[in-house]
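Q: heads up, no residue letters with this:
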């Protein structure tokens with residue numbers, strides 16, 4: 001097994017352990033966000049938005065963000081919900097409705113988190129590097145989304 005595959009397996013295992021713990025939802029999801037963030041040096045901001053009353057509300061994150069609420073259809077995060085699909089943006093400067101959180105951000109990935117078929121939140125990861133995200137990154141975040149979905153649904157009040 002290659003080094004990256006081992007890191008991904010370990011990340012999944014650690015996330016599963018956190019989710020299975022008796023810890024409060026916010027604490028568990030904060031731990032998962034930190035694991036994801038620390039596993040990828042080129043990922044400069046990581047967080048989870050929660051779907052609450054039809055609006056994305058910022059949940060656990062690695063640093064402050066300029067947007068703690070995002071309407072469906074706004075920016076990359078809101079577009080993911082309105083189009084019901086993940087978003088992988090090579091260069092955010094080419095996105096017309098991009099909501100900048102940092103002047104340094106150049107690429108972004110948003111992976112939807114579904115619980116019982118309903119969008120309850122999303123992973124949002126920013127990088128200061130153009131083209132930082134791959135299909136493999138998206139697949140890993142999708143796996144982690146399935147792991148955290150019950151906790152996200154609980155925290156979002158779904």
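A: Perfect, I can see it now. None of these values were measured; they are calculated from a predicted model.

Q: for the protein, what spans make up the helices?
A: Taking DSSP state H as the criterion, the chain carries its helices at 3-20, 25-39, 75-83, 135-156.

Q: redo these as CSV? Include mean pLDDT.
A: Formatted as CSV, the helices of the chain follow (pLDDT from 0 to 100):
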stretch, mean pLDDT
helix 3-20, 92
helix 25-39, 96
helix 75-83, 96
helix 135-156, 97
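
Q: want to throw these into TSV with mean neighbour count and distance to residue 120?
A: (Each C-beta comes from the backbone N, C-alpha and C, glycine too.) Output for the helices of the chain, formatted as TSV (neighbours: other Cβ atoms under 10 Å; distance: least, Cβ to Cβ, whole Å):
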stretch	mean neighbour count	distance to residue 120
helix 3-20	14	14
helix 25-39	19	11
helix 75-83	20	11
helix 135-156	19	4
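
Q: out of those helices, which is closest to residue 61?
A: Closest to residue 61 of these is helix 25-39 (Cβ to Cβ; 6.4 Å).

Q: list the contacts of the closest one.
A: 7, 11, 14-15, 18-19, 21, 23, 43, 45-48, 59-62, 123, 125, 141, 144, 147-148, 151-152, 154-155 (Cβ atoms under 8 Å, 6 or more residues apart in numbering).

Q: quick check, central residue of this structure?
A: residue 123 (1.2 Å; Cα atoms, centre = their mean).

Q: partners of it in the sheet?
A: residue 48, residue 111 (DSSP bridges).

Q: now do the same contact list for it.
A: Applying Cβ under 8 Å, 6+ apart, the residues contacting residue 123 are 36, 46, 47, 48, 109, 110, 111, 113, 141, 144, 145.

Q: pick the one among those closest to residue 71.
A: Nearest to residue 71 among those, with distances taken as Cβ to Cβ, is residue 110, at 14.5 Å.
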